Each structure stands twice: as structure tokens, then as C-alpha cells.
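Peer 1: This is a predicted model, with the sequence first.
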Amino acid sequence: MVPLGARSYSIAIGAGLLNDGARWQEAVGSRRVLIVTDDIVAGYYLDRLTETLGDAIEPCVLPAGEAHKTLATAGRVWNRLMDARLARDDLLIALGGGVVGDIAGFAAACYQRGIDYLQVPTTLIAQVDSAVGGKTGVNHPLGKNMIGAFHQPAAVIADIGTLATLPAAEYRAGLAEIIKYGVIADAEFFAWLETHLDALLEQDQAALAHAVGRSCAIKAAIVAADEHEHGRRALLNLGHTFGHAIETGLGHGHWRHGEAVAAGMVMAADFAARLGLMERRDVTRLRDWLIRAGLPTWAPAELQAERILELMAGDKKVRGGRLRLVLPHGIGNAETTADFDRDALGRMLIEGPPDA
Ligand code: NAD
Ligand code: GLY
């Protein structure tokens, strides 16, 4: 449950939920429904959901991929909503990964000034992060996620069985966001992830349900405390300032977002250790886990320190010209700070990763 007063909503997590007719009946009721999905997810799961729903109208199938997360694509959803004459009390369903969820959520936020939508995430990143919390939006040619709105879903229904068809690299990228929750908020969960990584890599359903559930619970608590990111919600961006610099520096699409976040988290942790905020052995624990998960743990050598610093200076978290970083204070706790020596950051980037 994400406790937001009248806008509170439930998060259902389990295998086979796409076929759970009673659950869908409860979520949809007698409303008309437009399913928004992408052309890859549609091939796997659209028929299944359509059958469960019974009489959904002609779906809106978007081209898959970040390149299509644009205002023009959101326009296709609005066209479909208009064609089908959906009313303000009808319902939109976002079936897919973070791209579909962000576009469909944004379309729902704007259509008739806001209609209900359900998040039905089918990637690991979407199940543990993007489907929860109400951030919706599209990219602008000059910046990622620059056009958007906060619009909370009416419910989240995460069928972990859908992850079986996700490409392995996409799945691993999602694991980075899961360990992030352990680092920022829950040392016990971090330790559980250390002992259950093999089970997660094998997609053991019980382990996966626990990992997705705990991740969503941590995110829900943070969102409930700071829905519009005036403070604590920024902790969810651990590793993202370094990560965005890597993604932009290499050119979007070269590294997956979760891969860049993995490297960014180790860089943030290493910097925290240099500042005396974190034990070196905890940095090693994080790094070792990410290596076992098959994820990168530092920016690629081809990105020079100066370029990374330059890109970090353009981050959304810069306030009054001062770069702010989310830094772990050990495992299970993190803070956002602008109070650090920029030269020390530069030295770390020049020296590169510590030896294992
Ligand atoms: P995505 O939606 O592009 O999905 C990745 C790929 O997997 C796509 O090709 C998709 O078609 C395919 N796919 C999805 N589910 C599948 C399945 N079950 N089986 C096979 N293939 C499947 O990307 P993503 O990694 O889910 O999400 C990244 C996006 O999410 C970015 O745009 C990012 O900005 C956004 N995001 C938003 C938030 C938020 O809070 N709103 C948080 C994190 C990320
Ligand atoms: N993904 C970060 C947030 O939802 O705030």
C-alpha cells in the first residue's frame, strides 16, 4: 500500500496475476478500459490480459523503446482515448516497462485533466521503481523526463511471472535498483540480498516476490513522506548523478540505466568512504554484490574525469550552482549533501576505482 490519504493505492505482487480474474474485476469494476502497451510486450502478454478483462476496447500499441518516449507518442494515446470516447471516470492500463508506464501515466494525467490508470509493470525496473510513486512523463529533445507530471496510479499489479521473458541484461539492470533500497534504507534487506542473489538470478519466485515486495515497501514509505521530492525522495537517486553522467557521456542507449546506476552507486560509496562517511568494507560488499549480479562498478575508462564532472554539473540536483550528491552513510542509511570538497571528487575520478 502507498499511503497517500484519498489517493492511497495498493501494490499487488505475485506470479500469474495477469490471469487473476477476481483481482482485475475488483480493480476495473464496470469502467471502460484502454490498455496501453508496446509492440514487444503486446506479443507476450496483451492477449492474456485482454482475455482476463473480457471486453476491453481496441488497445493502443506503441513502438517499444526509450526513443519513443516522446510527446508525439503520448499524443497517440490521447488520440486513441478521444477516438474511443473514454470518459473521465473510465480507466487506462499501462502494461509494460518503465517507458510504457511513464508515457501512459502522463497521458492519463493530462486526459480530461486526469483519469485513473493502473500500472501493470513487466520489467524488473518497473516493478521495483517506476510503477510506484506517480512520476510520469516523456523526454524532450533537450533532456530526459523533462516534460511530466506527478499522477499516482489507482493501483499497481505486478505479475512477477512476466519477468521470465525479459532479456537477461534487462533483468540484471533491475537488480541494481533493488540493492539500492538496501543501501539507502534497510541493512537487513541488504544482508538478505547478499544471501539470496543466486536465487534472484535464477528467478526463484519466492525470492523474487520478497525482493520486489520489500523494494516497493521502501519506495512507498519514502513517497508517502515526500511525494513531490522536496527532500527525502531524492535518496532514491543514489548513484544517479554519476549514472546520468555515464549515460549522457557515452550517448544514451550504450549502457542501460540500471547498469549506469550500479556503477554510480559504487562511485558514490567510494566517495563516501573517502569522506569518512562509510566503512571501506561496506563499499566492498556493495561492489562484490554488483559484480556477482553481472553489473559494472565504475564509469568506463574512456570517460575522462573532467567530462564526468562537467556532466555531473548539469544534473537536476544542482541547486544555486552547487552540486548535491546522495551519499551512503554505511549500509542502510544515506543523505543528500552539497557539503563536500569538489577537488576531492575530482581526485577520486582521476584515480579511478579502488583495488578489489
Ligand atoms: P522499457 O520499458 O523500455 O523496457 C525495456 C525493454 O523490455 C523494452 O524493449 C520492452 O519492450 C521490453 N519488455 C518489457 N517487459 C518485457 C517482458 N516481460 N518480456 C520481454 N520484454 C519486455 O524500459 P525499463 O527498463 O522498464 O524502464 C526504463 C524507463 O523507466 C526509462 O524511461 C526511465 O526514465 C523510466 N523510469 C521511470 C521511473 C519513475 O519513477 N517514473 C523510475 C525509473 C525509471
Ligand atoms: N525513481 C525515482 C523516484 O521515483 O523518485
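Peer 2: Good, I have the coordinates. Numbering: from 1, shown residues only. Ligands and ions are numbered 1, 2, ... in the order given.
Peer 1: residues in the stretch 101-250 of the chain within reach of ligand 1, list them.
Peer 2: 102, 122-123, 125-126, 129-130, 133, 135, 145, 162, 165-166, 170 (Cβ under 6 Å from any ligand atom). To be clear about C-beta, it is placed using only N, CA and C from the backbone, and glycine gets the same treatment.
Peer 1: Now, those that are in helices?
Peer 2: Mapping these onto helices (DSSP state H) picks out 102, 125, 170.
Peer 1: coming back round to it: filter the residues of the stretch 101-250 of the chain next to ligand 1 down to just the buried residues.
Peer 2: 102, 122-123, 125-126, 129-130, 133, 135, 162, 166 (16 or more other Cβ atoms under 10 Å).
Peer 1: still on that earlier bit, would TSV of the residues of the stretch 101-250 of the chain next to ligand 1 with distance to residue 178 and pLDDT be doable?
Peer 2: Listed next are these as TSV, based on distance: Cβ to Cβ, whole Å; pLDDT from 0 to 100:
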residue	distance to residue 178	pLDDT
102	19	98
122	16	98
123	12	98
125	9	97
126	12	98
129	9	98
130	13	97
133	15	98
135	18	98
145	21	89
162	17	98
165	19	98
166	14	98
170	14	97
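Peer 1: just those residues that are near ligand 2?
Peer 2: Near ligand 2, by the rule Cβ under 6 Å from any ligand atom, you find 129, 133, 135 out of those.
Peer 1: residue contacts, the closest residue in space to the second one that isn't next to it in sequence?
Peer 2: Across the structure, with Cβ to Cβ, 6 or more residues apart in numbering as the measure, the residue nearest residue 133 apart from its sequence neighbours is residue 223 (4.5 Å). Contacts here follow Cβ atoms under 8 Å, 6 or more residues apart in numbering; on that basis residue 223 touches 2, 4, 132-134, 233.
Peer 1: now do residue 310
Peer 2: Contacts of residue 310 by Cβ under 8 Å, 6+ apart: none found.
Peer 1: cool, the one 3 residues further on as well?
Peer 2: In this structure, residue 313 makes contact with residue 323, judged by Cβ under 8 Å, 6+ apart.
Peer 1: Longest strand in the chain, by number of residues?
Peer 2: strand 143-150 (DSSP state E).
Peer 1: so what does that one touch, helix or strand wise?
Peer 2: helix 98-110, strand 135-140 (3 or more Cβ pairs under 8 Å, 6 or more residues apart in numbering; DSSP states H and E).
Peer 1: Kind regards, and thank you for your time.
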